[in-house]
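1. sequence below, structure please.
(chains A and B)
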Amino acid sequence: MPREANISNRLAASRGSFNRALLVPAIKDAFAKLDPRVQWRNPVMFVVEIGALLTTIFTLRDIVAGVRTMVALNIQLALWLWITVLFANFAEALAEGRGKAQAETLRRTRSETTAKKLCDGRVQQIPASQLRKGDIVLVEAGDIIPGDGEVIEGIASVDESAVTGESAPVIRESGGDRSAVTGGTRVLSDWIKVRITANPGETFLDRMINLVEGARRQKTPNEIALTILLIGLTIVFLLAVATLEPFALYSGAPAPVPVLIALLVCLIPTTIGGLLSAIGIAGMDRLLKRNVLAMSGRAVEAAGDVDVLLLDKTGTITLGNRMATAFIPAPGVTEEQLADAAQLASLADETPEGRSIVVLAKNKFRLRERDLGSLKASFVPFSAHTRMSGVDLEGRQIRKGAADAIEAFVREQGGSLPAEVRDTVARVAKEGGTPLVVAEGARVLGVVYLKDVIKGGIKERFAELRRMGIKTVMITGDNPLTAAAIAAEAGVDDFLAEATPETKLKLIRDYQAKGHLVAMTGDGTNDAPALAQADVGLAMNSGTQAAKEAGNMVDLDNNPTKLIEVVEIGKQLLMTRGSLTTFSIANDVAKYFAIIPALFTVTYPELGALNIMRLATPQSAILAAVIFNALIIIALVPLALKGVAYRPLGANAILRRNLVIYGLGGLVAPFIGIKLIDMLLVALRLA
Amino acid sequence: MAAINTDILQIALFLALLLFLAVPLGRYMARVFSGERTFLDPVLKPLERLIYRLAGVSDGREMNWREYAATLLVFNFLGMVAVYLIQRLQGVLPFNPQHFSAVPPDLAFNTAASFMTNTNWQAYSGESTMSYFTQMAALTVQNFLSAATGIAVVVALTRGLARRSAKTIGNFWEDLTRSILWVLLPLSLLFALVLVSQGVIQNLSPYLTVTTLEGGRQTLAMGPVASQEAIKLLGTNGGGFFNANSAHPFENPTPLTNLLEMLAIFVIPAGLTITYGRMVGNHRQGTVILAAMLLLFVLALGVVYGSEHYGNPTLRALGVSGPTAMEGKEVRFGIANSSLFATVTTAASCGAVNAMHDSLTPLGGLIPMLQMMLGEVVFGGVGSGLYGMLVFVILTVFIVGLMVGRTPEYLGKKIETREMKMATLAVLIPAATILLGSGLAAATRAGTASILNPGPHGLSEILYAFASGAGNNGSAFAGLNANTPFYNIALGLAMLIGRFGVILPVLAIAGSMAAKKAVPPGPGTFQTTSLLFTGLLAAVVLIVGALTFLPALALGPVVEQLLMLAGKAF
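-> The predicted model follows:
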């Protein structure tokens, strides 16, 4: 049963970056991509392909005409030019292949189901693929929900493990934040009527498949800008090489066309041109590895530019639940008495806060959990009216709740809230905690200190982000006092307290008006406007359909902290592009020193002075440059797929590092590489 | 050795004086173009208003980039037509004591394009072709207007980069008028007076015939030289009154005028970097560009000076010319001042010369050529140098800026598809013009027939001509006979394409950058105010600019130098 495993697990299973299963189709694809209609999309490599074709034609013509000079060289040149194109195609095919494999696993989730369509009150059985937006279907226990939609009637428990990986069933009901259902999930109990909100092929699952498959992959803005630069460079070098022919003729040193083509191919930025689309695809892929689906490459790129992160306090910065961390007794009460009462009041309280009180009492005073039933106690649940919960046993009335609620309770019994307790309550609130007052009858016993527990390591993470120039803003519904305390403890740069969807949206717009790019996470329908407004909106997969539609990324693991990783991946993507572009351009220097002297050495032997690599012969020099140019593409494929090493440092440090590796390296590497290949060619008697 | 030390001292003095003059001038220009008060306002403000009223042009309304570009194009086109007509009609116009007849159409077109585009390529000899009226009313006027146009464009680009979420980039008429009234005219007036005091002539007399010491008779060309000389240099025009240009004693009589002339070429382009820094609100943004220009300039100068000092070993062996290459140089100026002038005049798109570049050593001639091929961005033309350099700044920011992991941004503004398109065009268009033009010339009889010297030097002559035309420099390797219909038309077109093929993309960049929001800089921002950026900018200029021309240069000056070292000259 494929549906048993969730998407993230299955995606994980389909991974493995260089496994054999991916290599074979990638090699096949590399040949299929020689089709000029495909190649046309990559202008740099298109020029190489034309060059390879021309060289082949010239060589064949020479062979037919019986010209024997240079034929050995030309055959090798033609071969290596084709290999250059194939290597670039292979890089792209390999990157796409990984996505395709992942899409295949997703597709298995979407099996053909039968839908019970409601027409004028009658149920009609039709295949799910025939459902259209607006249709209403009935889904009963055991049925698979046939498409994305919204519950308009009924309530049901739904197993969404196929999409979310969460094994516990969730409740879906009409109205509110729990009305969205996803196609491919299964109703476990009861029934619901669902209005279909997406046509077949447009569902969430379909979009995911399309994205990972790269089927509708569009070039991202920065990729387009870079492509323009690459086209510009290609045209310039095309002109430089094309006009070399008249200059050479004038100089009485005619240059053979295959050699001019070789020069051209060496000069145009084939390294980055060949790897550019692979880099983009691999960026999406790296996100997918972390179980984040990006709705567009544009979003990944924007993530690299983000300089303001809006982080929800709960779940992102704090563990999500307040935990009891201390018992602060009222005057005349021991801490143990307070702990005992608090534990009794919480025994039947299944909220995380309640559990944490029981645990704290146990840890501090070895107070064992007691069975409420054997104590003949009756649990008083929390109600919105009393805003307290507690227990009644053997005539004792123990209550815990907010200070004002307890105060009202004890006053009713003729007691009062001691001033010391009042001070404690104020202090705890100021420190960012939540004070929970415990009382027995008319007597206030003390305060339980409930605290938001900051996630481990998050403070260091924020410091990293600050070094990278990214500002963190904590969003919370807490009052400003509490918010400030938690913000200080977590080390965020700023906070928005008493946040509402409106203030959140306004905050994003304010930052954007100042030119910042904002990223945020969210899961509720009321997050949708802000998610849509943010430059990067990471929606939780457990969230509502509206939130997922509004955001431009979905996290399958529902981990808001992942936003930080998303930003890092975006940065890494841009860095990889920049580094390989710099490398590619820097490479040209060495190639000139290889080819120019070789090209005209017959007419002007003096130009041999430029042959500083001391390459053996003009033929070996030209061939070595072309071979290096081809091999460097394949050598850099792993880097293009993996991305350049990323460190959370400031721009200056990153720049210096990458400049040394890719700028300086780009200048030096080809000198060494071409020389080595030249020596090898001579040793093998190939030139 | 002592000679070298003196030479280096002279060069250092030149650079020190340049900075000493450029900084205050730059600050002053920033005030002028920001509309702040200057000490000349009481005199010039009324004049400015009068001009607007008479011409009926400016209503003080700002223009978007399209309006700005359209106004600029129409204005320059009309200027070109005027220059053409004056040349064609000079036979019937006044101030023509030598009774020169109409300039032939192809030459008139070439000259009109040349002076309108701030190139001042001269396919003619001034003293035997142009009447005083043509020199003054057509050529000198265009010397001012073309320089002012360049300043206007860079000011508009500066505003585009500095403004946020704006639709307009200034008013062309105001920028043009203010460039002339507040900057070019006062400086020219001052400089012309200094030149006259040093012996530069300024008259409308017929040519004089004198008896020389040996008893021979010689005709001395006269004319209103000083007034044209000042703007020729200050406006990086370079079109000499006489054919010998600044090597002529009536144009450049003394060592002092030689120094001042070189300073005049650089002072506005250098000053504009300071203006730029102030107008974008961070003076360091301007100084890094100035530093990159200085770095490239010193490198270039080092090669020229070294090569000229080393000279031609064959001649050295014969003992005819001393240890260094003095051929084609004024003995008054010597190696240092000739090398310096040649580097200055081609770094800036001036084109005035005090030595014959055709006679430079091959390597010494390569550098002037290369500086023009780089797009005239090392100081460059008045205005045009800085806007050309800013295009390279955008390219550098884009290529290198990506490496820090953000969409590249300059002055807080993202560099996106449109800017890259325009920046690429601005680099591509002049380069393509030079390559295609020279290729055409090298491949056709019409092109090769004009070549004086055989072999690689002939190719250098062609390359130099098209680099000079497309780069709007105007200096020449004199060996090439450029006054032929082929070269007049081809080079005229090269100048027009090289000028407006950059101006239009630059104004488009100004327009799109003005509309953008700016992100405040942070630790994640790629800094464009560091010394590292200066180095990167220079490297990108060299790599992107030079790599394009290396194959052609290899067949021209590079091989010529290698052949010369092997004892073969052309």
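2. if I look at residue A:298, how far off is residue A:553?
-> Residue A:298 sits 11 Å away from residue A:553, going by CB to CB, to the nearest Å. In this view, the C-beta of every residue, glycine as well, is placed from N, C-alpha and C.
3. can you report how many residues neighbour residue 38?
-> Using chain A here. The local packing of residue A:38 (other CB atoms under 10 Å in any protein chain shown) involves 15 other residues.
4. chain B is the one I meant
-> Around residue B:38 there are 15 residues (other CB under 10 Å).
5. quick check: chain neighbours aside, which residue is closest to it?
-> With sequence-adjacent residues excluded and distances taken as CB to CB, 6 or more residues apart in numbering or on different chains, residue B:38 is closest to residue B:31, at 5.2 Å.
6. then the one you found would be within a helix, right?
-> Yes - the assignment for residue B:31 by DSSP: H, G, I helix; E, B strand; the rest coil puts it in a helix.
7. confidence score at it?
-> At residue B:31 the predicted local confidence, pLDDT, stands at 95.
8. how many residues are close by it?
-> 17.
9. just the one 4 residues further on next, same as before
-> Residues within reach of residue B:35, counting by other CB under 10 Å, total 10.
10. please apply the same query to the one 10 residues further on.
-> Taking other CB under 10 Å as the criterion, the count of residues near residue B:45 is 13.
11. which residue ranges of the stretch 551-687 of chain A form strands?
-> Along the stretch 551-687 of chain A, the segments classed as strands by DSSP state E, counting those that start in this stretch run A:553-555.
12. chain B contacts on that one?
-> Residues of the stretch 551-687 of chain A lying close to chain B by CB under 8 Å from any CB of the partner chain are A:570-572, A:574-575, A:577-579, A:581-582, A:585-586, A:588-589, A:592, A:596, A:599-600, A:604, A:606-607, A:609-610, A:646, A:650-652, A:654-656, A:658-659, A:662.
13. can you do 6 Å?
-> In this structure, the stretch 551-687 of chain A approaches chain B at residues A:571, A:574-575, A:577-579, A:581, A:588, A:592, A:596, A:604, A:606-607, A:609, A:650-651, A:654-655, A:658, judged by CB under 6 Å from any CB of the partner chain.
14. just those residues: which are in helices?
-> Using DSSP state H, the members of these that fall within helices are A:571, A:574-575, A:577-579, A:581, A:588, A:592, A:596, A:651, A:654-655, A:658.
15. SS state for residue 459?
-> The chain I'm using is chain A. At residue A:459, secondary structure determined by three-state DSSP is helix.
16. not quite, go with chain B.
-> Each residue gets one of three states, and residue B:459 gets helix by three-state DSSP.
17. could you verify my assumption that it touches residue B:558?
-> No - using CB atoms under 6 Å as the test, residue B:459 is too far from residue B:558 to be in contact (10.7 Å).
18. of those two, which one has the most company?
-> Neighbour count, other CB under 10 Å: between residue B:459 and residue B:558, residue B:459 has more, with 28 against 25.
19. mind listing what the more buried one touches?
-> The contact partners of residue B:459, by CB atoms under 6 Å, 6 or more residues apart in numbering or on different chains, come to A:247, A:250, B:555-556.
20. excluding chain neighbours, give the residue nearest to it in space.
-> Of all residues not flanking residue B:459 in the chain, residue B:556 sits nearest, at 4.4 Å (CB to CB, 6+ apart).
21. residue contacts, that neighbour?
-> B:456, B:459-460, B:463.
22. where does the stretch 351-500 of chain A get nearest to chain B, residue-wise?
-> Ranked by CB to the nearest CB, the top residue of the stretch 351-500 of chain A for proximity to chain B is residue A:469, at 2.3 Å.
23. and residue A:453, what element?
-> Element membership for residue A:453, per DSSP states H and E: strand A:443-454.
24. okay, now the sheet partners of that strand, with direction.
-> Sheet neighbours of strand A:443-454, with direction, are listed as strand A:318-329 (antiparallel), strand A:434-440 (antiparallel) (DSSP bridges).
25. give me the contact list for the first one.
-> In other words, strand A:318-329. With contacts defined as CB under 6 Å, 6+ apart, strand A:318-329 is touched by A:314, A:335, A:338-339, A:352-353, A:356-357, A:360, A:424, A:434, A:446-455.
26. just the buried residues out of these, in ChimeraX syntax.
-> Per 16 or more other CB atoms under 10 Å in any protein chain shown, the buried members of the contacts of strand A:318-329 correspond to this ChimeraX selection:
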select /A:314,338,339,353,356,357,360,424,434,446,447,448,449,450,451,452,454
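27. can you give me the strands in the stretch 351-500 of chain B?
-> Across the stretch 351-500 of chain B, reading from the start of the chain, the strands by DSSP E, counting those that start in this stretch fall at B:409-410, B:413-414.
28. how about those in TSV, adding mean neighbour count, mean pLDDT and distance to chain A?
-> As requested, the strands of the stretch 351-500 of chain B are exported to TSV (neighbours: other CB atoms under 10 Å in any protein chain shown; pLDDT from 0 to 100; distance: least, CB to the nearest CB, whole Å):
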stretch	mean neighbour count	mean pLDDT	distance to chain A
strand B:409-410	22	92	9
strand B:413-414	23	91	8
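29. for the residue of the stretch 551-687 of chain A found nearest chain B, which non-adjacent residue is closest in space?
-> Taking CB to the nearest CB as the measure, the stretch 551-687 of chain A has residue A:578 as its residue closest to chain B, at 2.6 Å. Distances taken as CB to CB, 6+ apart put residue B:402 closest to residue A:578, at 2.6 Å, once the chain neighbours are dropped.
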